[in-house]
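Undergrad: build me a model from this:
(2 chains)
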Amino acid sequence: MSEVTTITEPGAAIDAQGSLERWIQSRAEPELLASRRREGWADWLAEPMPTRRMEEWRYTDISGLDPEAYSPVSTTGDRARSKEDLPGPVREVLDSDRKRSAVFIQHNGTVEHVRVDPDLAERGVVYAPIDEIAGSHPEILERFLFRSDVAQSERKLWALHTAMLSGGYVLYVPKNVALPHPVHALRYVDEAGGLVSSHSLIIAESGAEITCIDEYLSPDLDAESLSLNGVEIFGAENAVVRYLALQHYGRGVKHFSMQHANTGRDSTLNVFNVTLGADLARCDVSAHLLGPGSESEMLALWFGDRDQRFDHHTLQNHAAPHARSDLLFKGALAGQSHSVFRGLIRVAEGAQLTDAYQTNRNLLLSDKAKAVALPNLEIEADDVRCSHGATVGQVDETQLFYLMSRGLSRPEAERLLVLGFFDEVLSRVPLEGTRERIREAIELKIGLSR
Amino acid sequence: MSEHLLEIRDLQARVADGGIEILRGVDLVIEPGEMHALMGPNGSGKSTLAKVIAGHPGYEVTGGDVLLDGKSVLDLEPDERSRSGLFLAFQYPAEIPGVSIANFLRTSLNARRSEEEGDLDVFAFQKLLNDKLGLLQVQPSFAARYVNDGFSGGEKKRNEILQMAMLEPSMAVMDETDSGLDIDALRIVSEGVSTLRGQDDRMGVLLITHYKRILGYLQPDQVHVMLNGRIAHSGGPELADQLEEMGYDWLHEPEPEPVG
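TA: Numbering: from 1, shown residues only, chains lettered A, B, ... in the order given. Below you'll find the model as predicted:
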């Protein structure tokens, strides 16, 4: 292993236990985080690299992934003094006239802005950077951070994410507090060649109700960057959690998002992924239905073009009886883009009276685009209702001619059909402002707005 | 008048990729403001003519021409024909779940505007839409529904008329707009067409129909009968009465060709 001489500077390569140790020390963070980091690094070294021989990685080859090829993104510790200090694309999102209960802005490894509605802060709502929480509310991290049941196939990257953690937040909402507006986190990366590893830890105590948005942005980057992202959601009894991940990175980014949502008794969970950006985006989305009577809805939309690769893996993990889960993932692919959907409904032996549904639909807009759909069931209980289905289809020529006969050019007609195809998913988003934000991002991606 | 609104000259067409020949030399001229009815038995080529005029990719033109305002449209894509003023009211309008009528209409209108003009202002669009809905006596909630998704036959045809009202074509081809409608729907659709002709007295209409019924509501200037891919007979409105009484058999059929 090569000797790394400068490690305190942001951008220093990581390559060995020694340099990681010094990197941890340079961050001067609480022991709680440092020890999790060390455990993560040990796991990273111990776990085998996923290869295409593993079913979960059959269509996405990451065997060449080398964290040494990236530099950890810089962390300056400076908050933005005014809006003008924030990156332009972030300001644009903030400027749109939408109400938010709280805002979090991370630029590379630096948390530049956090704001929580003071009334909510008064009622005990906590929304703060993870390292701050390690000092102020260590008990929250002790109890929840990196506590999800991560599948074997995910462990390697989860370990790297843990070891390299560079930012993220904790949202804690106390019992029976309902947030009137969404909590919106924006993460912006513009360090080419960087490695950003950001975490979202979301806790809704019993009866709490929240809508939480994670938005990922970057310009096109000329050196490949790696984004490792972990999301853990814990909804206690009767809580309602709506979570949206809107990923519209520029090109030059490899994005891995590992999301674990855990439902308490009678709680309601909605996890929505919108995948538009990056060269390669892999999302592992798991809903662990741990509480009886809980309900999970998983939604996703993606639009790929050029040579983008999107890979969505899902788990509806029914551990408790009387729970219900529904999944609807829809993707449209143009250019030479490829997508994979692999979904598993797992019903444990004791999870009787489970209702679980899973649907994946793909729309191909070009001959060179490709979609693979692999729905799966694994059922050990005997009194359940489950169904799954997947389709891959092309644009309907009858619809296309109809639209063109009204003056829409072929590309315009195709775009409108894509939006129509997506509407089934989009219309399930209850908050109009959130729905509009997603629609805007999609329209921008597919070029409908001029 | 030097140019006709629509001129069809010896038009021949077949199903794309070398399929059977359906239009075998159609000639038809429509002047601004005129309404012509095109009648004929099933399989005579009426609907094919409508689709070929609109540029349906399922057919290929093997001879002749279609001119709008003196210019051939055969080299134009369907969307370019629409933007030049042609409109086809479909016999079977496509269902497009997820796309609202309002969104569809706004996109269609914007497609007609130049880069410099930019998109139609949201409020201007809404006013235009409300005006046309009012004109056709359609509930405003109609425009929020998905295009033809789960519509009754009458609702689909009403949607065609609404689109026609919004796009204000110079020449409308209406393909069996009256088929499958009950008497109330038929009346509503006919009144819609009359209203639009009243708004624009230069708009031409080619009304393709299988039944004389609609001609009780709309009085065409001329009636044509299509048989076996050609216009076999043309006359005034009285021709429709003759057809009603005597059917098509008394008309001389052009010699049939073997169908392969």
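Undergrad: now the helices for the chain?
TA: Picked chain A for this. Under the criterion DSSP state H, chain A carries helices at the ranges A:17-27, A:31-46, A:88-95, A:118-122, A:130-136, A:138-144, A:155-163, A:397-404, A:410-426, A:432-446.
Undergrad: my question was about chain B, not that one.
TA: Going by DSSP H, chain B shows helices at B:46-54, B:78-83, B:101-111, B:122-135, B:153-167, B:183-199, B:238-246.
Undergrad: pick out the shakiest of those helices, pLDDT-wise.
TA: By mean pLDDT, the lowest-scoring of these turns out to be helix B:238-246, with a mean of 83.
Undergrad: quick one: buried residues of it?
TA: Residues of helix B:238-246 classed as buried: B:239-240, B:242-243 (neighbour count, 16 or more other CB atoms under 10 Å in any protein chain shown). C-beta: built from backbone N, CA, C; applies to glycine.
Undergrad: check those residues and tell me the two furthest apart.
TA: The largest distance within those, taken as CB to CB, falls between B:240 and B:242 and amounts to 7.3 Å.
Undergrad: residue contacts, the residue of the stretch 201-350 of chain A found nearest chain B?
TA: Using CB to the nearest CB, the closest approach of the stretch 201-350 of chain A to chain B is made by residue A:330 at 10.2 Å. Applying CB atoms under 8 Å, 6 or more residues apart in numbering or on different chains, one finds that residue A:330 lies in contact with A:300-302, A:360-363, A:421-422, A:424-425.
Undergrad: just give the nearest non-adjacent residue to it, would you?
TA: Take residue A:330 and drop its neighbours on the chain: the residue closest to it by CB to CB, 6 or more residues apart in numbering or on different chains is residue A:361, 4.9 Å away.
Undergrad: hmm, residue A:390 and the one you found touching each other?
TA: Yes. Using CB atoms under 8 Å, residue A:361 is in contact with residue A:390, at 7.2 Å.
Undergrad: between those two, who's got more neighbours?
TA: residue A:361 (20 against 17; other CB atoms under 10 Å in any protein chain shown).
Undergrad: could you list every residue that touches the more buried one?
TA: Contacts for residue A:361 were tallied using CB under 8 Å, 6+ apart; they are A:329-331, A:390-391, A:393, A:421.
Undergrad: got a list of what residue A:240 touches?
TA: Going by CB under 8 Å, 6+ apart, residue A:240 touches A:204, A:208-210, A:267-268.
Undergrad: which residues touch the nearest residue to residue A:294 once chain neighbours are set aside?
TA: With CB to CB, 6+ apart as the criterion, residue A:294 has its nearest non-adjacent residue at 3.7 Å, and that residue is residue A:263. Under the criterion of CB under 8 Å, 6+ apart, the contact list for residue A:263 reads A:235, A:269, A:287-291, A:294-296, A:323.
Undergrad: which among those residues count as buried?
TA: Applying 16+ other CB under 10 Å to the contacts of residue A:263 flags A:235, A:269, A:287-291, A:294-296, A:323 as buried.
Undergrad: ramachandran coordinates for residue A:220?
TA: Backbone dihedrals for residue A:220, given as degrees, to the nearest 10, come out at phi -70, psi 130.
Undergrad: per-residue pLDDT of it, please?
TA: According to the predicted model, the pLDDT of residue A:220 comes to 96.
Undergrad: which bits of the stretch 151-260 of chain B sit near chain A?
TA: Listed as neighbours of chain A in the stretch 151-260 of chain B under the rule CB under 8 Å from any CB of the partner chain: B:163, B:167.
Undergrad: kindly provide the distance from the residue nearest to residue A:330 to residue A:302.
TA: Distance from residue A:361 to residue A:302, counting by CB to CB, to the nearest Å: 11 Å.
Undergrad: can you check residue B:56 too?
TA: Using CB to CB, we find residue B:56 at a distance of 32 Å from residue A:302.
Undergrad: the more surrounded of the two?
TA: Neighbours around residue B:56 and residue A:302, counted as other CB under 10 Å, are more numerous at residue A:302. The numbers are 28 against 20.
Undergrad: from what I see, the more buried one and residue A:278 are in contact.
TA: No. Residue A:302 sits out of contact with residue A:278 when judged by CB under 8 Å, with a separation of 10.7 Å.
Undergrad: from the contacts of residue A:240, which land in strands?
TA: Among those, the ones falling in strands (DSSP state E) are A:204, A:209-210, A:268.
Undergrad: number of residues surrounding the closest residue to residue B:14 other than its chain neighbours?
TA: Using CB to CB, 6+ apart and skipping the chain neighbours, the partner closest in space to residue B:14 is residue B:21 (4.3 Å). Applying the criterion other CB under 10 Å, we find 17 residues in the vicinity of residue B:21.
Undergrad: please apply the same query to residue A:110.
TA: Applying the criterion other CB under 10 Å, we find 21 residues in the vicinity of residue A:110.
Undergrad: tell me what it is bridged to.
TA: Beta-bridge pairing for residue A:110 (DSSP bridges): residue A:107.
Undergrad: now do the one 4 residues further on
TA: Here residue A:114 shows beta-bridge partners residue A:104, assigned using DSSP bridges.
Undergrad: against residue A:249, how distant is it?
TA: When distances are taken as CB to CB, residue A:114 and residue A:249 turn out to be 22 Å apart.
Undergrad: kindly report the same for residue A:350.
TA: Residue A:350 sits 41 Å away from residue A:249 when distances are taken as CB to CB.
Undergrad: give me the more crowded residue out of those two.
TA: For residue A:350 against residue A:249, the residue with the higher neighbour count under other CB under 10 Å is residue A:249, and the figures read 25 against 12.
Undergrad: ends of stretch B:63-83, what's the gap?
TA: End-to-end distance of stretch B:63-83: 24 Å, with CA to CA, to the nearest Å as the criterion.
Undergrad: what residues sit buried inside it?
TA: For stretch B:63-83, the buried set under the neighbour-count rule, 16+ other CB under 10 Å, comprises B:64, B:66-68, B:73, B:76, B:78-79, B:81-83.
Undergrad: list of residues touching that stretch?
TA: By CB under 8 Å, 6+ apart, the list of residues contacting stretch B:63-83 reads A:401, A:404-410, A:412-413, B:2-12, B:25-26, B:52-57, B:61, B:84-86, B:111-112, B:167, B:169-171.
Undergrad: residues contacting the nearest residue to residue A:351 once chain neighbours are set aside?
TA: Closest residue to residue A:351 in three dimensions, ignoring its sequence neighbours and counting by CB to CB, 6+ apart: residue A:318, at 4.2 Å. Residues in contact with residue A:318, defined by CB under 8 Å, 6+ apart, are A:289, A:325, A:345-348, A:351, A:354, A:356, A:381, A:384.
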